[in-house]
Each structure stands twice: as C-alpha cells, then as structure tokens.
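> Below is the structure, and that's it, no one-letter string:
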C-alpha cells in the first residue's frame, strides 16, 4: 500500500476533509460494509425470532429447526464480521 505523505501545501482541502479522505483511502467502503453487516444481522434476528416462535408452537419442527439454526448462524457471522471490522479500525488508529 502506498504511503501517504503529509497534506500538500497547495491543497484546497481543510484538515478535517483531508483526514476523512485519507481514512477512506486506507479502508474503502468500511461504512457500507458495516451497514450491510447490520442489515443482515437484523434480518437474521427477525428470522430467528419467527422460526423460534414456530418451534415453540410446534409447527413443522422438522424444517423449522434447521431454518432456526441457519438464522442463528447468520446473526453470529454478522456479529463476528462487525467486531472484526471494529478491531481492524482500532488497530489502524493506534498504529498512527
């Protein structure tokens, strides 16, 4: 990855704008990825609640249990990815 030098002297960007652009260049689409993790995690949580309700009601237990396991897996995966993204962000901010 190329190293960024200090802000150019003739730059028309404010220091805040420059810092934001530099952060985006170091980790592109971070906010988009986090929004996707949150959306899929929320979807898995809602699906898990629905399948858990079906399981409690005793409706079609044979197909409900694997679907519930899948929804729980989606939520666990999204939490893991979101936390990994946060750890990476914190490590990069500490390295500076």
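Ah, there it is. None of the values given here were measured: they were computed from a predicted structure.

> hey, which helix is longest across the chain?
helix 61-95 (DSSP state H).

> Show me what counts as buried in that helix.
64, 67, 68, 71, 72, 74, 75, 78, 81, 82, 85 (16 or more other C-beta atoms under 10 Å). C-beta: built from backbone N, CA, C; applies to glycine.

> tell me how far it is from the chain's mean position?
Centroid separation between helix 61-95 and its chain, computed with C-alpha atoms, centre = their mean, to the nearest Å, is 8 Å.

> for stretch 41-49, same thing?
15 Å.

> please renumber so the chain begins at 2
OK, 2 is where the count begins now, so the last one is stretch 42-50.

> how far off helix 62-96 does the helix or strand bottoming out on mean pLDDT in the chain point, in degrees?
The weakest-scoring helix or strand in the chain, judged by mean pLDDT, DSSP states H and E, is helix 16-27 (a mean of 81). Here helix 16-27 runs at an angle of 130 degrees relative to helix 62-96 (axes from the mean of the first three to the mean of the last three C-alpha atoms, to 10 degrees).
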